[in-house]
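>>> What shape does this take:
(2 chains)
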Amino acid sequence: MSYEAVIGLEVHAQLLTNTKIFCGCSTKFGAEPNSQTCPVCLGLPGVLPVLNKKVVEYAIMLGLATNCRINKDSFFARKNYFYPDLPKGYQISQYELPICSDGYLMIKTDVGEKRIGITRIHMEEDAGKLIHEGNSSLVDLNRAGTPLLEIVSEPDLRSSVEAVAYLKELRQILLYLGICDGNMEEGSFRCDANISVRKKGEQKFGTKAELKNINSFRFIQRAIDYEIERQIDIIESGGKVVQETRLFDSVKGITISMRSKEEAHDYRYFPEPDLMPVIFDDSLIEEVRKKMPELPYVKKRRFISEYVLPEYDVEVLTTEKDVAIFYEECVKLYNNPKALSNFFMTEILKELNEKKVGIRETKLSPQALKELFSLLDENKINANGAKAMLPEMMASGTPPAILMEKMGLAQISGESELIGVINDTLKENKTELINYLSGKDKLFSFFVGQVMKKTKGKANPKVLNELLKKRLSEIRIDDVDNF
Amino acid sequence: MDIKDLTITECSKMLGKGETTSTELTEMFIKQAKRLNPDINAFITIVEEEAVLAAKDADEKLKAGVKAPLLGIPIAIKDNICTKGIRTTCASKILHNFIPPYDATVVEKLKSHGMVILGKTNMDEFAMGSSNETSFFGPVRNPHDTERIPGGSSGGSAACVAASMSPAALGSDTGGSIRQPASLCGVVGLKPTYGLVSRYGLIAFGSSLDQIGPITKTVKDAALILENIAGRDERDSTSLKTPVPPYSQLLIRKINDLTIGVPKEYFIEGMNEDVSIKIKNSINLLKSLGAKIKEISLPHSDYGIAVYYLIATAEASSNLARYDGVKYGHRAENVKDLHEMYVKTKKEGFGEEVKRRIMLGTFSLASGYYDAYYKKASKVRTLIKKDFEDAFKEVNVIVCPTSPETAFKLGEKTDDPIKMYLSDIFTVNVNLAGLPAVSIPCGVDSKNLPIGLQIIGNYMDEQTVLNVAYAFEQANK
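Model prediction:
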């Protein structure tokens, strides 16, 4: 009997606003505990929330990017539960009517494209953090009141691979919009998964389990795979899956029960009386639409048609928004998209990965890259030279022409200089020379290599080829000994 | 000078003429407050030192020629309105040691106008009550008869004005908490339109109903305080953007162009006969002043108490969740885990009535009951609002009793919450509809206990309410 999994995801994305959702406190990560608090986010008696308009804008932006209906008349609700990191004893969230609903996004896996529905996107405040120390627990409320968007998908996902593809796509959109930093370790992009299994062909959903707060793509994939297996095993052995909340133990790679349906909270949602309904008109939506940067899927299509690049190149170049924009700035200055793309894929991205930095954090500029390519075109340096110069260009921002001299990478194009090196090389490799002259043509590249070695890679390959060919044609096999 | 005659207006006149100083006034009221408080228990906290300092500061300004109607005049603040550096308890054990690090917007405003804060007045715990008997700091007694309750929840504010322990006080009104004690203590109490006065710093009970308002000796004083505390506050999203008129300067006695509605549903059977007679006399007086009297109907009035006790308690159950002992206020000792800390803290910190209402509200919001209780109550609330909207198409103000009875004896209703809740029968609908209303004295019963006339106005029409009250007050002298 074959089974299929049914997965829906709830993502919490922290927004990159300067201040919290209901007060003026900073949202910066990593500050001294409780230093970024005020009576409002501490939930002192008598204080009232005031909505940060930026949060509404960001919510609309994500709604537009994920093809949602934007609800121009939504409202906040209180979600009531007790926990020491929740200073008011309730979280201000949205419940009955969220700001965005009924959207979708497209994901791509090995089997092709698929549309994943988005049920809703709503605005809410984050809770604080508990730090456990021995027998006591300490509360840090710096995070309390940080704005979140909760993005709830339809149960359209059928495997952990699809789930990860969806999360990556969503994360990329958030990063492109510049409204979330997508940092999973610090918790600014968090995911809960609702998982059930059913027999293939069955219409009804099975009983679901909810997996809480899994903080990397790898763990999400493993947690979902484990959970699917676990549920199938239960059904196969004649048991019944129970509705519950489970936690993923990343060390053991298993999921464990946290609380059952009976223990589930009754959140007693009701409309938040301290805030007015969130009402706006089309002009705000249009204003937000105008501010929206180009979305990843639009950019990809455009790169393919405008720069005639292979799909693979485009995927790589657009993975990060900053890289994609940087690439385009380079193309504007140096109109050879494919040559640039190759250099990005083989050299620049490799370097960024190794150094673990973003392209904007380096001193590399599109202008400098253009100059580097000009040096290549003018045969002043060769590909090896360009490769060697890149790390220094990124680190210091020294213009390539100066760097070329400083690093002694200027190509040797002068015939007189090169012919001497060629002669020396041939003298030192007489055996190979005899073999070549006896018909082993393939040894030509050996000599090229040797010359390059002697010139520390600076020989102009084109000039070298011509000169070497000419010189070899002049030598007869009998002369080799006296050479 | 007789302290009983010292209204804000009178104090202001004397200060202006240099006949007295703010320091002298302040010391006088503090002396009166300290003398009477052991009997009346109107104050939880008296801040003599701070008051005298503020008075001296005001005197400096007065000497320098600063003219402001509230400058140097003492006032008392209900103890659910936050005052920076002054303990604000909500008359609850759970906040018995809470000192706010900030001022409520209204306090900030009164201070900026030079008012002198005498202290914090007693109240029903978390403003939950109609007799001021639920206070952790003991009941307030009615200055007219100390065997009797002053009404609630702003009983301390009403009693302190009635006993001339302060010329004026701020109260808060969620279901009648300014008007009913004003009525029972024989003073003027005004509940403004919802949103006219900022709630920032008012410790929430029922957020969609709570409003701060003045309790004074005269209508003009109420108007004066109102115009100085009202107005848009960016810290309160529910505060209204409409400009605030200078009510006290626009007060007129002319009411012969007004139609006054008398709702037939508000003259119920079993109502105290003295109250009934005095209200009818009051209506005749208004008629004699030229107003047209018209009988109207507010058909959904009967549902008011039920709707109110579902919505107010639901909001309260959530608003009071934050008192968990984690950050401030009372925290239970000797607990073994977090859950026990929560349970014990709340068990020890909250009084009976507060617990009852938290339970009621929690129930009304619980899944499975939400639709039948909270949601249905919200729908009926809309109908009650509509009753008033319809009525105000035909009349300018509505008059009725503030309370169906006069001050009752301490302990008389404490065992019967429903009976106690019915004290608010004429006042809750006004909160549900968000309308302005005032209670003004209109006579006494056979035991010489004050009776209050309630004048309800249309949304944002405080001026007409005050004008009618003013006309009545002047004619009834």
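
>>> List phi and psi for B:Ile99.
In terms of degrees, to the nearest 10, the main-chain angles of B:Ile99 are phi -110, psi 110.

>>> for B:Leu95, same thing?
The phi and psi values for B:Leu95, taken as degrees, to the nearest 10, are phi -120, psi 20.

>>> One more: the one 5 residues further on?
The phi/psi pair for B:Pro100 (degrees, to the nearest 10) reads phi -70, psi 140.

>>> ditto for the one 5 residues further on
Dihedral angles of B:Thr105 (phi, psi; degrees, to the nearest 10) stand at phi -60, psi -40.

>>> measure stretch A:82-98 end to end?
From its first residue to its last, stretch A:82-98 covers 23 Å (CA to CA, to the nearest Å).

>>> just how off-centre is that stretch within its chain?
For stretch A:82-98, the gap between its own C-alpha mean and the chain's C-alpha mean amounts to 30 Å (CA atoms, centre = their mean, to the nearest Å).

>>> How about that stretch and chain B, touching?
Yes - looking at stretch A:82-98 against chain B by CB under 8 Å from any CB of the partner chain, the contacts come from A:Phe82, A:Pro84, A:Pro87, A:Lys88, A:Gly89, A:Tyr90. Using the backbone N, CA and C atoms, a C-beta is placed for each residue, glycine as well.

>>> my read: the second one touches A:Val139, true?
Right, A:Pro84. Yes - under the criterion of CB atoms under 8 Å, A:Pro84 makes contact with A:Val139 at 5.2 Å.

>>> tell me the contacts of the closest residue to chain B within the stretch 351-483 of chain A?
Closest approach between the stretch 351-483 of chain A and chain B, counting by CB to the nearest CB: A:Arg360, at 36.3 Å. A:Arg360 makes contact with A:Asp322, A:Phe326, according to CB atoms under 8 Å, 6 or more residues apart in numbering or on different chains.

>>> did I read that right, it in a helix?
Yes - counting by DSSP: H, G, I helix; E, B strand; the rest coil, A:Arg360 falls inside a helix.

>>> right, and the helix or strand after the longest helix anywhere in chain A?
Once chain A is assigned using DSSP state H, the helix that runs over the most residues is helix A:217-236. Once the chain leaves helix A:217-236, the next helix or strand it forms, by DSSP states H and E, is strand A:244-249.

>>> Can you give me the buried ones in that next one?
For strand A:244-249, the neighbour count (16 or more other CB atoms under 10 Å in any protein chain shown) marks A:Glu244, A:Thr245, A:Arg246, A:Leu247, A:Phe248 as buried.

>>> ok, so of the residues you listed, who is nearest B:Lys385?
Proximity of the buried residues of strand A:244-249 to B:Lys385 was ranked by CB to CB; the top entry is A:Thr245 with 41.1 Å.

>>> For the closest one, which residues are in contact?
Contact criterion CB under 8 Å, 6+ apart gives A:Ala209, A:Glu210, A:Lys212, A:Ser257, A:Met258, A:Arg259, A:Ala264 as the residues in contact with A:Thr245.

>>> same thing with B:Asn281?
Under the criterion of CB under 8 Å, 6+ apart, the contact list for B:Asn281 reads B:Cys442, B:Gly443.

>>> can you tell me which helix or strand the residue nearest to B:Ser207 when sequence neighbours are not counted belongs to?
If the residues on either side of it in the chain are set aside, B:Ser207 comes closest to A:Pro273, at 3.9 Å by CB to CB, 6 or more residues apart in numbering or on different chains. Using DSSP H and E, A:Pro273 sits in no helix or strand.
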